[in-house]
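> Quick one, fold the following:
(3 chains)
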Amino acid sequence: MAEKELQRSKSVLPIGTVMKLTDLTARQIRYYEEQQLVIPERTDGNRRMYSLNDIDKLLEIKDYLDDGINMAGIKAIYAQQKKRADDLQNETLTDSDVRRILHDEFLNISGLEPNSGAPLHSQRPLK
DNA sequence: GTTCTAACA
DNA sequence: TGTTAGAA
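Model (predicted):
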């Protein structure tokens, strides 16, 4: 199934097709690229070529926009998602690190106030 | 005909 | 974000 993933990552769509598929303007698509939200390939004469994954990403961005989220917010969302992905890797890796982390947290809990932190969590289990 | 960059009545 | 100008 890694085969299809590679195919979805193949950038073969010109911006014109992406516009039709996403209902976004070329201006917006290029702007989102500036914001590092999508990173299309550049083929021949400096033309952007998008992959199916890029299409999904853009459609997702469009949804966030419809929900009234601005560029900063969207960037924050992806930053948070990336961090979560990194955390997953860290957990998958060395379990001696897991012990170290648990150890650190233990020290923190034992030495801090009984403040029950209930901060503003904005989970996005979208997919 | 399409896309690119840069800039703004 | 729209739109436009000039080049590729």
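> for chain A, what's the longest helix?
helix A:71-92 (DSSP state H).
> Quick check: next helix or strand after that helix?
Note on helix A:71-92: by DSSP states H and E, the next helix or strand toward the C-terminus is helix A:95-111.
> Tell me the gap between that following helix and the middle of its chain.
Relative to its chain's centre, helix A:95-111 lies at 28 Å (Cα atoms, centre = their mean, to the nearest Å).
> in that helix, what counts as buried?
Counting neighbours by 16 or more other Cβ atoms under 10 Å, one finds that helix A:95-111 has no buried residues. For the C-beta atoms, the positions are set from N, CA and C on the backbone; glycine is no exception.
> Remind me what it packs against, helices and strands.
Helix A:95-111 sits against no helix or strand, with contacts defined as 3 or more Cβ pairs under 8 Å, 6 or more residues apart in numbering; DSSP states H and E.
> Taking helix A:71-92 as reference, get the angle to it.
If you take axes from the mean of the first three to the mean of the last three Cα atoms, to 10 degrees, helix A:95-111 sits at 110 degrees to helix A:71-92.
> ok, the residue in chain A positioned nearest to DNA strand B - contacts?
Distance from DNA strand B to each residue of chain A (Cβ to the nearest atom of the strand) is smallest for residue A:16, at 2.6 Å. Neighbour list for residue A:16: residue A:26 [criterion: Cβ atoms under 8 Å, 6 or more residues apart in numbering].
> Assign a three-state SS to it, would you?
Here residue A:16 is helix, with the state taken from DSSP: H, G, I helix; E, B strand; the rest coil.
> got the contact list for the spatially most central residue of chain A?
The centre of chain A sits closest to residue A:78, judged by Cα atoms, centre = their mean, with a distance of 3.4 Å. Residue A:78 makes contact with residue A:37, according to Cβ under 8 Å, 6+ apart.
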